[in-house]
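*Asks:* The amino acid sequence is not available; the structure is as follows:
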């Protein structure tokens, strides 16, 4: 092709009236800064501002969307350079990895990965030809060369992308030294930590006991006792807040919450702390801790994000060979109505607290999440998550949640990614899909055009700004 | 705006061919009388035919769709004039309530409430400017003035709305005196009662034991014994039928049914009657009673409506302060296939009995409800209920149910509302969405235009007329 | 009507750009041969090549989609000629049956049956007027006359339909004599058996014990012992493979799998074989056998098809009167993530094994099936099954599965039918809906046109060819 391959109308309905409205709405928000209140980029990048590695190590090796699809069609993770748990050798040649990706690029037809890659290639690397086995080397060379330039280092990209603020996700045990380094550097980019205490809240997490010891050391609190353990959380949260955090994040197998009496909670902690708690007690502890975190959020103002319902590391053989986060986290049916009741009984009616609910179970959008968020002041709905961070997924979310929860009980977009170069692409997809949804409402006379402009702005910027207190 | 703000094409697909077909279909049915076989308006209105109160008390205070959305964004129910359980003071100034609604009208963007309000304002009150903080007082004044006129009293509106027949929903303990007053008045409006025995069928209902005593008194049957209790139901049903009822309605937490042997049923009744039944027995009693009601329907011809799956009064603090029906009824996952089997084993193959199934769990449309209604002669599918009484909700219902159940195993529209002025708006939305769905079938050559006209008529009028025996 | 009533654009979006693309894509694949790797036609038809019976016995009596819909509206199965279990008399007059169908043809509006019938009538019988009570006799006569012609016998139709290969479904106890007769006849049509061992795998199947005795007799293996029983399966599978089979098929109530140790499995078999196993043991045996079948597939190359989640014979009275497969099989909620884990732990990472997953629970598409098939090399997704073999059902499948699983983890279309004359119609619907879906992607600039052509070809032909090893 001789011209850019990204159409200005991509993701808009083909019907001319709706498309015209969508285009007008999008033009009003396309240039807004990016708010990224929930993501997984590495703060070290912004702190050190080193050059990114080769194209494969930047774009393929760390992207679980990409390597899981290739694996599903028989490409071994070893051949994609994914590191093994025991350090045994894997493909080290970035170009060879790149070629494997390129010759299988057709597998991504119809997936969001395809949209993200094409957008990134064109807007960031000036590539206007679809990736293929034939042009793999040329595109690799072009990207590799650009990555050596200073204007492709992390901070330069951060600024080029128009990121107003980005949040990382950080272990409760993290000393936030990279964040401190960023702050001390005098660079103006706002990179905030988020408090993610799963490894000291979930008794099933590897090394839970040792993690609690470590939490005690860091916080100076006695994590051998329930009250000391809670104090340690308060201490760490305060540290995160001092470093700019506005949110915590909680990845639980289910949305279960509990509200035990003080003595019961203390006894449960003792059982868990001793390592002798059974599966039911361990689940109950996680449930209780969500409520404790909500109470702390009420006190210290951190937005509470709940990410439930992923069965992690489904394949034991792959877990053994490659470790966590290798594409084998599979969504499961998730209930919210009864599960959240204990927590909501405590803090659901609070108007100064924000709890953001996410789901991987779309059946809950219309049945449970929208009705809950449409009445409890403390609740808001997070954007479509993970496998649903996609055009069809986003459209289903708007279609199923809006009529009961409205737009204003949602919180805008989260890119949720560790793939830094794809951040503009992901926000662009979200903005376009929201404009397409709004354009349909306008074209069907369900919403006025002036209102749609306002809503588009809120979905792209205002809602995230307010909900996450940015 | 200088012209009416309701487009003649609202809710129709923007694509011109489909829109043209939808418009043509709609024109063929827009003027049909309204059949409202399931709703919650107050028979006293039609009996006394008094003027409605001020705009806020008519349109805001009793509408749970409205106050739950405002509450979700931090507006206190007290400030909306919602009465408290203990009678402690709430906002008494209708205009102040109205202003709070007006300044938050943006929250309803994308919701059915917005469509209903706009339709009601324009067609009933001649208002053609979108509600806002700026025009709140003017619109309040206009509506308030109109409500003082005789042609805005209940019977006049009933006639203006083109209501052919409306059903209220009445406790089994209701003496139907308002209905008698309507009948005795000589007014031609058809207002029918419906038999709703939840408070004498559900052992978890407040005052269940006393309710059964009362049922005994009213019916002259011995509600201390199982057979007497069943006789009391028969007695009350006969009274309702004599007063015009054609249907009963049953709101259960689940769709569970049971078919116990006579001795077992009697023993279960005794346990429930004594107040000593455990949770499992109480659930089993509700399940058994659905089957008993189905048997009675087979005998006396009342259409049996089953409305399962709402977890009522989710927030105990709100229940304590404001009582039932305050927006805290949340849908839950609901199974039908195994749950209904005991009942269907008894009456499922009857061709003279009509059981109308409703759901708040859309996952059951294609998986369970359409396959069941598509084979059992006794079953029909009710329209999308409650949170799904909305354009997207209705479209999903047609898309998910039609291919397996067809159109003729559905029963047309229920407005299901206590918001009397919104009844034409609700039927209008349903008629438009059905025409939009049919227009898509026609434009994609899946249905001929002459057939679509017939189906549109049946969905708007014929199916309800026949299914509810009106 | 004076011209054909099938529009060339049926099932394509009315929007002209999308429709034009869909039409172009469809023209590229409309003439491809039919691959039918999963269906239920009778091999005897191809073996004997006798004339089909009268129109009613060919098109109405054996079609559960048709008679269940008529039954749901009060038409008795006896009056449709459906045979009773005890042989008591039913309607024997084909014309009378046909008239009942014709006068109720409006019931099928909006259903896939309507599309299949119209397509079959026009393309096979040259009928271009919609069926009605008025033309019922004329259409009956026309079809009846054509059925007496030699070019309407099974082999002629097979060739006219452009069937490259078709698979039947055959009991493990079947001697495949019809298949042998086909093969020995010298006819070039490829008709393959598929190994369906439900009656010797499911202890709840009628006559399970006797079936195992019979399996022992046929295979010469000792089906009184676990190892002999497994050997008998291997023996039968080898026979099926020798006769051309490339796949096995497994219809289980759930997707549960198990991976017991050898001693445990043997003890379980003994309990099941003795007829004394309880419900839990019987379910566990089915679960274990899926894993055993997967192991055998790994060894012998048969594609493993899993069809879970139908609650069979829901109505006991209809089962008693008419037997199995009379429209009373109702889908149930089905979980895959935990259920398949034992099997996947054993064979999920195999790249030479193909397991095709089907579902009747659409909630699993995006939540479970696409994420699983999008990472495990052994897994593929089957096409929308049964009630979802329909335009809306197929569109939902593509919308919900593609973004996570892509197109290449699906296996093309299965017609899944015993209604032989409808096979071209069913493939035509699938091809059109897939083209409509692809056209939307192209018109929204989510996929390039050249790619859409390739994908359309793969969905219509290539994927089935490769997945089923045809």
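*Replies:* Looks like it arrived, so ask away. Worth saying up front: this structure is predicted, and the values here are computed from it rather than measured.
*Asks:* Quick one: residues contacting the residue nearest to residue A:26 when sequence neighbours are not counted.
*Replies:* Leaving aside its sequence neighbours, residue A:26 sits nearest to residue A:435 (Cβ to Cβ, 6 or more residues apart in numbering or on different chains; 4.4 Å). Using the backbone N, CA and C atoms, a C-beta is placed for each residue, glycine as well. Counting by Cβ atoms under 8 Å, 6 or more residues apart in numbering or on different chains, residue A:435 touches A:12, A:22, A:23, A:25, A:26, A:29, A:456.
*Asks:* Mind doing that once more with 7 Å?
*Replies:* Residue A:435 makes contact with A:22, A:25, A:26, A:456, according to Cβ atoms under 7 Å, 6 or more residues apart in numbering or on different chains.
*Asks:* Next one, pLDDT for it please.
*Replies:* Note on residue A:435: pLDDT of 98.
*Asks:* and it, that one's in a helix?
*Replies:* Yes - according to DSSP: H, G, I helix; E, B strand; the rest coil, residue A:435 belongs to a helix.
*Asks:* follow-up on the earlier one: now, of the contacts of residue A:435, which are buried?
*Replies:* A:22, A:25, A:26, A:456 (16 or more other Cβ atoms under 10 Å in any protein chain shown).
*Asks:* Not counting its neighbours along the chain, what's nearest the second one?
*Replies:* What it means is residue A:25. residue A:435 (4.2 Å).
*Asks:* cool, and the last one?
*Replies:* Counting by Cβ to Cβ, 6+ apart, the nearest residue to residue A:456 once its immediate chain neighbours are dropped is residue A:25, at 4.6 Å.
*Asks:* List the contacts of that neighbour.
*Replies:* A:435, A:438, A:439, A:452, A:453, A:456.
*Asks:* on that earlier part again, quick check: the residue nearest to residue A:25 vs residue A:24, distance?
*Replies:* As for residue A:435, its distance to residue A:24 is 9 Å (criterion: Cβ to Cβ, to the nearest Å).
*Asks:* Close to chain B: what parts of chain A are there?
*Replies:* Along chain A, the residues adjacent to chain B under the rule Cβ under 7 Å from any Cβ of the partner chain are A:15, A:17-18, A:335, A:337, A:341, A:344-345, A:348-349, A:351, A:363, A:366-368, A:371-377, A:399, A:402-404, A:406-409, A:441, A:443-448, A:451, A:455.
*Asks:* Filter those down to the buried ones.
*Replies:* A:15, A:17-18, A:335, A:337, A:341, A:344-345, A:348-349, A:363, A:366-368, A:371-377, A:399, A:402-404, A:406-409, A:441, A:443-448, A:451, A:455.
*Asks:* What ranges does the stretch 251-400 of chain A have for its helices?
*Replies:* Secondary structure of the stretch 251-400 of chain A (DSSP state H, counting those that start in this stretch): helices located at A:262-273, A:279-300, A:316-322, A:341-347, A:363-364, A:370-373, A:391-405.
*Asks:* of all those helices, which lies closest to residue A:54?
*Replies:* Closest approach to residue A:54 among those (Cβ to Cβ): helix A:316-322, 20.5 Å.
*Asks:* hmm, the closest one touching chain C?
*Replies:* Yes - counting by Cβ under 7 Å from any Cβ, chain C has neighbours in helix A:316-322: A:316, A:317.
*Asks:* Just the helices from the stretch 101-250 of chain A, written as ranges.
*Replies:* Under DSSP H, counting those that start in this stretch, the stretch 101-250 of chain A gives helices at A:112-125, A:136-147, A:154-160, A:177-184, A:198-201, A:208-219, A:226-242.
*Asks:* Mind telling me which residue of the stretch 151-300 of chain A is nearest chain B?
*Replies:* Nearest residue of the stretch 151-300 of chain A to chain B: residue A:259, at 11.7 Å (Cβ to the nearest Cβ).
*Asks:* list the buried ones in stretch A:23-30?
*Replies:* By 16+ other Cβ under 10 Å, the buried positions in stretch A:23-30 come out as A:23, A:24, A:25, A:26, A:28, A:29.
*Asks:* before we move on, the earlier item: between the helices of the stretch 101-250 of chain A, which gets nearest to residue C:144?
*Replies:* helix A:112-125 (52.8 Å).
*Asks:* now for the closest one, which elements pack on it?
*Replies:* Applying 3 or more Cβ pairs under 7 Å, 6 or more residues apart in numbering or on different chains; DSSP states H and E, one finds that helix A:112-125 makes contact with helix A:136-147, helix A:423-443.
*Asks:* the inter-axis angle of it versus helix C:391-405?
*Replies:* With axes from the mean of the first three to the mean of the last three Cα atoms, to 10 degrees defining the directions, helix A:112-125 sits at 50 degrees from helix C:391-405.
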